[in-house]
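Chemist: Starting from these lines, generate the structure:
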Amino acid sequence: MAQTHEATTINIRAKARQRDLIDQAAERLGRSRSDFMLDASCKAAEDVLLDQTYFGLSEDRFAAFQAMLDAPPVASDRLRRTLLAKAPWTPG
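Modeler: From the prediction side, this is the model:
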């Protein structure tokens, strides 16, 4: 796909409640509706494309990859501290 730095217009229809929700979130972040919607749409598009990225492995490499996924995690002090840390949103 050719890249251009030229701005283009995208028009969509939305219900009033959808528009209001988007406006509320955009305002909370101090952004315009257009900036908020474009950023959210681009993030969603990237997620879709990254989730569907194909990478090929030989049979041996796939077996090694699968073994790594199936192996239990290696315990470490850093992991232990992370798992025991209190979430910042937890009261008290």
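Chemist: how far away is residue 54 from residue 48?
Modeler: Separation of residue 54 from residue 48 (C-beta to C-beta, to the nearest Å) stands at 14 Å. Just so you know, the C-beta spots here come from the backbone N, C-alpha and C atoms, and that holds for glycine as well.
Chemist: I meant to write residue 90 there.
Modeler: 33 Å.
Chemist: returning to that earlier point: of residue 54 and residue 48, give the one with the bigger neighbour count.
Modeler: residue 48 (9 against 4; other C-beta atoms under 10 Å).
Chemist: Give me the distance between residue 68 and residue 61.
Modeler: Residue 68 is 11 Å from residue 61, by C-beta to C-beta.
Chemist: Could you do residue 72 as well?
Modeler: For residue 72, the distance to residue 61 - C-beta to C-beta - is 21 Å.
Chemist: So between those two, which is more surrounded?
Modeler: Remark: of residue 72 and residue 61, residue 61 carries more neighbours, 10 against 5, as counted by other C-beta under 10 Å.
Chemist: ok, then the element right after the helix or strand harbouring that one?
Modeler: Residue 61 is located in helix 59-70, with elements delineated by DSSP states H and E. Later in the chain than helix 59-70, the nearest helix or strand by DSSP H and E is helix 77-84.
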